[in-house]
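Chemist: Predicted model, plus sequence, below.
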Amino acid sequence: MQPHPNNDLHKFPSERRKGIVGTTIIHVVLFTFLVLVSFTVRPRPEMEEGIMVNFGTDETGLGMIEPSPPALQQETSPPPPSNVAVKTAEEPLLTQNTEEAPEVKKVDPEAQKKKLEKIEADKKLREQLKAERILKEQADIERKKIEAEQQRQSDIINRTKNALANAKNSGTNSTSEGIAGGQGNQGVPTGSVDSKNRGEGGGTGNKRVSYDLQGRGFQKLPPPKYDYQGEGRVVVEVSVDRLGKVIQAVPGTKGSTTLDEYLLKVAKDAAMEARFEIKPDAPVIQKGTITYNFILK
C-alpha cells in the first residue's frame, strides 16, 4: 500500500504569498518613517549656541578661584561755583572797534508819489506822441495817394481835352468860342469842352455842386461858403434820413483830390445844411455823396 503525499505541501504557495505581502507592508512602513524622520528639517534654534569663555582682563593668569571685581569708586564732582561773581580790578574793559552802521535815510512818501506820477505822465506822453506820429504817417500816405490820383486824373483830362479839341477843330482855323463876344475861349480851366455853361452856376461851372443819392431829389443844396485861395474836389459822404435831413457828413472820401483842412470843413458845413426830398419808403439811413469843386478866385 502506497503512502499518501503530505497534504501541507499544497499550502506552500499560499504561505509564500502571505510572506511577500507582509514583507512589502513592513518595507513601506519603514520607508515612510524614514522619509518623515530623515527628510524633515529641524527648526532653527532661537538662540545660537556657542562656547562659553571665562571672563578676565589679561591673556595670562594662575589660580582656581575667580577673583572678585574691584570695588566701584564713587566719583567726586567739584563743588558748584559761587553765584556771586567777583570782579577784579585787573579785568580789562570791553570796547567796540567796529565801524558805525550807515544811517538809513527816511523815504518821503510825498516825493515818492510825485516821482511815480511823473513816470506815469512821461509814459502817457510817449504813447500820445507815438500815436500822433502813426496818424501823421498814415495821413502822409493817404495824401500822397490822393495827389497821385489827382495827377493821374489831371493827365487824363488834359489828354481828353486835347483830343476833343483837335477833333472838333479839325479842318477849321477857329481860335475863339463863347457867347460873351470878343477874342478868347470863354469858360473855366477845369470845365468841359462839351458844356454850354460858361459862367457861374451848377453843372460844370466854376461853382460846381453835384450829388448822388440813388435818384432821390433835393430841396436845398447850398454851395460852400468860403473865401480861400485853394482849389480841388472834395467828396462828402452823407447819411440822410427819411425826412431828407443830413444827419452825418464825412468829407474827404474816395474821389477827393485835396485834403486841405479848411476846404474839408466848409464842404462838411455845406453838406450838413443840404435837404433832400421826403421819402417814407426810403431806408432809415440812406447814404450818398455830395461833390464840391473849389476853384481859385
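Modeler: That came in fine, so what should we check first?

Chemist: could you say what helices and strands the top helix by length along the chain packs with?
Modeler: Counting residues, the longest helix found in the chain (DSSP state H) is helix 109-168. Applying 3 or more CB pairs under 8 Å, 6 or more residues apart in numbering; DSSP states H and E, we find helix 109-168 packed against no helix or strand. For glycine as for every other residue, the C-beta is placed from the backbone atoms N, C-alpha and C.

Chemist: In the sheet, which strands lie alongside the helix or strand that comes right after that helix, parallel or antiparallel?
Modeler: Where DSSP states H and E defines the elements, the next helix or strand beyond helix 109-168 is strand 209-212. Under the criterion DSSP bridges, strand 209-212 sits next to strand 286-294 (antiparallel) in its sheet.

Chemist: Tell me which residues of the partner strand come out buried.
Modeler: Going by neighbour count (16 or more other CB atoms under 10 Å), the buried part of strand 286-294 is 286, 288-294.

Chemist: what's that strand in contact with?
Modeler: Residues outside strand 286-294 that contact it (CB atoms under 8 Å, 6 or more residues apart in numbering): 190, 206-214, 216, 221, 223-224, 226, 228, 230-242, 249, 253, 255, 258, 263, 267, 270-271, 274, 279.

Chemist: pLDDT of that strand, averaged?
Modeler: Averaged over strand 286-294, pLDDT sits at 92.

Chemist: Same question for stretch 242-249.
Modeler: Mean predicted confidence for stretch 242-249 is 93.

Chemist: start to end distance for it?
Modeler: For stretch 242-249, the first and last residues are 16 Å from each other (CA to CA, to the nearest Å).

Chemist: now stretch 278-296
Modeler: Terminal residues of stretch 278-296 lie 35 Å apart, using CA to CA.

Chemist: what does stretch 251-270 give?
Modeler: First residue to last in stretch 251-270 (CA to CA) measures 11 Å.

Chemist: Can you give me the buried ones in that stretch?
Modeler: So for stretch 251-270, counting by 16+ other CB under 10 Å, buried means 251-252, 256-260, 263-264, 266-270.

Chemist: Need those residues in CSV (columns: secondary structure and distance to residue 61).
Modeler: Below are the buried residues of stretch 251-270 laid out as CSV (DSSP: H, G, I helix; E, B strand; the rest coil; distance: CB to CB, whole Å):
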residue, secondary structure, distance to residue 61
251, strand, 130
252, coil, 127
256, coil, 131
257, coil, 134
258, coil, 132
259, coil, 127
260, coil, 132
263, helix, 134
264, helix, 130
266, helix, 136
267, helix, 135
268, helix, 131
269, helix, 135
270, helix, 139
